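Pasting the sequence and the predicted model now:
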Amino acid sequence: MREAQLTFKTEYGKYAATFDELIPFLEYAQVNIIERKDSSFMAYNKVYQTDMLKDTIIYRIIGQTSAKEKLVRKNPELFEENFDATALRYIPFTTDTAEFRMATGFVDRNGVRVQVFEIAAPNTRFFADIYEDYKSYIKNLRIDALIVGSLTEPTLSGNWK
(Lines give C-alpha, C1' and ligand atoms only; values in the text may rest on other atoms or scores of the structure.)
Protein backbone atom coordinates (compact mmCIF):
# COMPACT_ATOMS: atom_id res chain seq x y z
CA MET A 1 0.00 0.00 0.00
CA ARG A 2 2.96 2.28 0.55
CA GLU A 3 3.91 1.89 -3.12
CA ALA A 4 0.32 2.54 -4.21
CA GLN A 5 0.24 5.74 -2.14
CA LEU A 6 3.60 6.88 -3.54
CA THR A 7 2.36 6.30 -7.10
CA PHE A 8 -0.81 8.28 -6.31
CA LYS A 9 1.24 11.14 -4.82
CA THR A 10 3.57 11.23 -7.83
CA GLU A 11 0.57 11.74 -10.09
CA TYR A 12 -1.61 14.06 -7.97
CA GLY A 13 0.82 15.70 -5.52
CA LYS A 14 -1.03 14.35 -2.49
CA TYR A 15 -1.78 11.04 -0.80
CA ALA A 16 -5.14 9.34 -1.25
CA ALA A 17 -7.31 9.93 1.82
CA THR A 18 -9.49 6.84 1.36
CA PHE A 19 -9.50 3.51 -0.40
CA ASP A 20 -12.43 4.81 -2.44
CA GLU A 21 -9.98 7.33 -3.91
CA LEU A 22 -6.95 5.02 -4.20
CA ILE A 23 -8.55 1.90 -5.72
CA PRO A 24 -10.16 3.55 -8.80
CA PHE A 25 -6.83 5.29 -9.42
CA LEU A 26 -5.03 1.94 -9.45
CA GLU A 27 -7.70 0.29 -11.59
CA TYR A 28 -8.27 2.96 -14.24
CA ALA A 29 -5.71 5.79 -14.16
CA GLN A 30 -2.94 6.34 -16.66
CA VAL A 31 0.36 7.62 -15.23
CA ASN A 32 3.31 9.19 -16.97
CA ILE A 33 6.52 7.28 -17.60
CA ILE A 34 9.22 9.77 -16.77
CA GLU A 35 12.85 9.63 -17.87
CA ARG A 36 15.36 11.44 -15.68
CA LYS A 37 18.62 12.64 -17.16
CA ASP A 38 21.41 14.31 -15.20
CA SER A 39 23.26 16.91 -17.18
CA SER A 40 25.85 19.60 -16.67
CA PHE A 41 27.01 22.59 -18.68
CA MET A 42 29.30 25.57 -18.39
CA ALA A 43 27.69 28.83 -17.26
CA TYR A 44 29.23 32.21 -16.54
CA ASN A 45 29.18 33.09 -12.83
CA LYS A 46 29.03 36.87 -12.29
CA VAL A 47 30.31 36.65 -8.70
CA TYR A 48 33.46 34.69 -9.56
CA GLN A 49 33.65 36.16 -13.09
CA THR A 50 34.45 32.84 -14.66
CA ASP A 51 32.75 29.92 -16.36
CA MET A 52 31.67 27.27 -13.87
CA LEU A 53 30.14 23.85 -14.23
CA LYS A 54 26.40 23.87 -13.50
CA ASP A 55 24.50 20.66 -12.79
CA THR A 56 20.90 20.20 -13.83
CA ILE A 57 18.30 17.47 -14.00
CA ILE A 58 16.06 17.08 -17.02
CA TYR A 59 12.76 15.21 -16.72
CA ARG A 60 11.05 14.01 -19.87
CA ILE A 61 7.72 12.25 -20.27
CA ILE A 62 8.27 9.34 -22.64
CA GLY A 63 4.83 7.71 -22.48
CA GLN A 64 2.00 6.51 -20.30
CA THR A 65 1.01 3.28 -18.63
CA SER A 66 -1.69 2.18 -16.22
CA ALA A 67 -1.04 2.82 -12.53
CA LYS A 68 -1.53 -0.89 -11.84
CA GLU A 69 1.04 -1.90 -14.47
CA LYS A 70 3.54 0.61 -13.05
CA LEU A 71 3.23 -1.01 -9.61
CA VAL A 72 3.68 -4.50 -11.05
CA ARG A 73 6.79 -3.49 -13.04
CA LYS A 74 8.31 -1.57 -10.12
CA ASN A 75 7.65 -4.30 -7.50
CA PRO A 76 7.02 -7.70 -9.11
CA GLU A 77 7.66 -9.44 -5.78
CA LEU A 78 4.83 -7.46 -4.12
CA PHE A 79 2.26 -7.34 -6.92
CA GLU A 80 1.20 -10.21 -9.16
CA GLU A 81 0.62 -9.55 -12.84
CA ASN A 82 -3.17 -9.22 -12.52
CA PHE A 83 -3.58 -8.36 -8.84
CA ASP A 84 -7.01 -7.21 -7.68
CA ALA A 85 -6.69 -3.61 -6.50
CA THR A 86 -10.10 -3.78 -4.82
CA ALA A 87 -8.67 -6.34 -2.39
CA LEU A 88 -6.07 -3.86 -1.07
CA ARG A 89 -8.56 -2.42 1.42
CA TYR A 90 -9.03 -5.80 3.16
CA ILE A 91 -6.70 -7.25 5.77
CA PRO A 92 -5.37 -10.57 4.40
CA PHE A 93 -6.09 -13.91 6.10
CA THR A 94 -9.24 -12.67 7.85
CA THR A 95 -12.49 -14.58 7.55
CA ASP A 96 -14.62 -11.46 7.34
CA THR A 97 -14.11 -8.25 5.41
CA ALA A 98 -11.94 -6.43 7.93
CA GLU A 99 -10.49 -3.30 6.35
CA PHE A 100 -7.26 -1.45 6.92
CA ARG A 101 -7.69 1.98 8.50
CA MET A 102 -6.33 4.78 6.30
CA ALA A 103 -5.87 8.44 7.22
CA THR A 104 -3.98 11.42 5.85
CA GLY A 105 -2.91 14.70 7.40
CA PHE A 106 -0.17 17.27 7.63
CA VAL A 107 2.73 17.82 10.03
CA ASP A 108 5.01 20.82 10.31
CA ARG A 109 8.75 20.11 10.18
CA ASN A 110 11.15 23.05 10.45
CA GLY A 111 8.53 25.42 9.09
CA VAL A 112 7.62 23.13 6.18
CA ARG A 113 4.15 21.63 5.96
CA VAL A 114 4.51 17.97 4.96
CA GLN A 115 1.65 15.68 3.98
CA VAL A 116 1.62 12.31 5.74
CA PHE A 117 -0.48 9.14 5.65
CA GLU A 118 -1.00 6.18 7.92
CA ILE A 119 -2.45 2.76 7.12
CA ALA A 120 -3.05 0.44 10.06
CA ALA A 121 -4.42 -2.99 10.92
CA PRO A 122 -5.09 -3.93 14.56
CA ASN A 123 -3.17 -7.01 15.69
CA THR A 124 -6.42 -8.77 16.60
CA ARG A 125 -7.48 -8.50 12.95
CA PHE A 126 -4.10 -8.91 11.27
CA PHE A 127 -3.37 -12.10 13.19
CA ALA A 128 -7.00 -13.31 13.08
CA ASP A 129 -6.13 -16.71 11.60
CA ILE A 130 -3.76 -17.52 14.50
CA TYR A 131 -5.14 -15.23 17.21
CA GLU A 132 -6.80 -17.95 19.30
CA ASP A 133 -3.65 -20.12 19.33
CA TYR A 134 -1.28 -17.25 20.17
CA LYS A 135 -3.58 -14.83 22.00
CA SER A 136 -1.27 -14.33 25.01
CA TYR A 137 1.72 -13.52 22.78
CA ILE A 138 -0.20 -11.17 20.50
CA LYS A 139 -1.72 -9.25 23.44
CA ASN A 140 1.77 -8.74 24.91
CA LEU A 141 3.26 -7.26 21.75
CA ARG A 142 4.86 -3.84 22.17
CA ILE A 143 2.59 -2.43 19.47
CA ASP A 144 -1.14 -3.00 19.10
CA ALA A 145 -1.35 -2.58 15.32
CA LEU A 146 0.65 -3.09 12.16
CA ILE A 147 1.21 0.41 10.77
CA VAL A 148 2.86 1.90 7.69
CA GLY A 149 3.45 5.65 7.64
CA SER A 150 2.61 7.99 10.50
CA LEU A 151 0.28 10.90 11.19
CA THR A 152 2.79 12.50 13.59
CA GLU A 153 6.10 12.03 11.75
CA PRO A 154 6.99 12.47 8.06
CA THR A 155 7.94 8.82 7.52
CA LEU A 156 6.91 6.03 5.18
CA SER A 157 8.37 3.29 7.37
CA GLY A 158 6.44 0.46 8.93
CA ASN A 159 6.50 -0.41 12.63
CA TRP A 160 7.49 -4.05 12.14
CA LYS A 161 10.96 -5.57 12.25
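Perfect, I can see it now.

so where is the protein shaky, pLDDT-wise?
161 (pLDDT under 70).

So what does the most far-flung residue of the chain relative to its centre have for phi and psi?
Largest separation from the mean C-alpha position in the chain: Q49, at 45.5 Å (C-alpha atoms, centre = their mean). Dihedral pair for Q49: phi 50, psi 50, per degrees, to the nearest 10.

Which parts of this protein are strands?
In the chain, the segments counted as strands under DSSP state E are 30-45, 50-66, 101-109, 112-122, 145-149.

looking at these, which is buried most?
strand 145-149 (a mean of 20; mean count of other C-beta atoms under 10 Å). (C-beta placed from N, C-alpha, C; glycine too.)

So which elements touch that one?
helix 2-12, strand 112-122, helix 123-126 (3 or more C-beta pairs under 8 Å, 6 or more residues apart in numbering; DSSP states H and E).

Could you dump the ones you listed into a markdown table and include distance to I147?
A markdown table is the format used below for the helices and strands packed on strand 145-149 (distance: least, C-beta to C-beta, whole Å):
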| stretch | distance to I147 |
| --- | --- |
| helix 2-12 | 11 |
| strand 112-122 | 4 |
| helix 123-126 | 10 |
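
Quick one, which of the ones you listed gets closest to T152.
Shortest distance between T152 and the helices and strands packed on strand 145-149, using C-beta to C-beta, is found for strand 112-122: 7.8 Å.

Name the strands paired with that closest one and say parallel or antiparallel.
strand 101-109 (antiparallel), strand 145-149 (antiparallel) (DSSP bridges).

With distance to T18 as new columns, can these be given to me in JSON lines?
Conversion of the strands paired with strand 112-122 to JSON lines gives the following (distance: least, C-beta to C-beta, whole Å):
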{"stretch": "strand 101-109", "distance to T18": "6"}
{"stretch": "strand 145-149", "distance to T18": "14"}
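
Just list whatever residues bridge to the closest residue in space to M42 that isn't next to it in sequence.
Distances taken as C-beta to C-beta, 6 or more residues apart in numbering put D51 closest to M42, at 4.6 Å, once the chain neighbours are dropped. Under the criterion DSSP bridges, D51 forms beta bridges with Y44.
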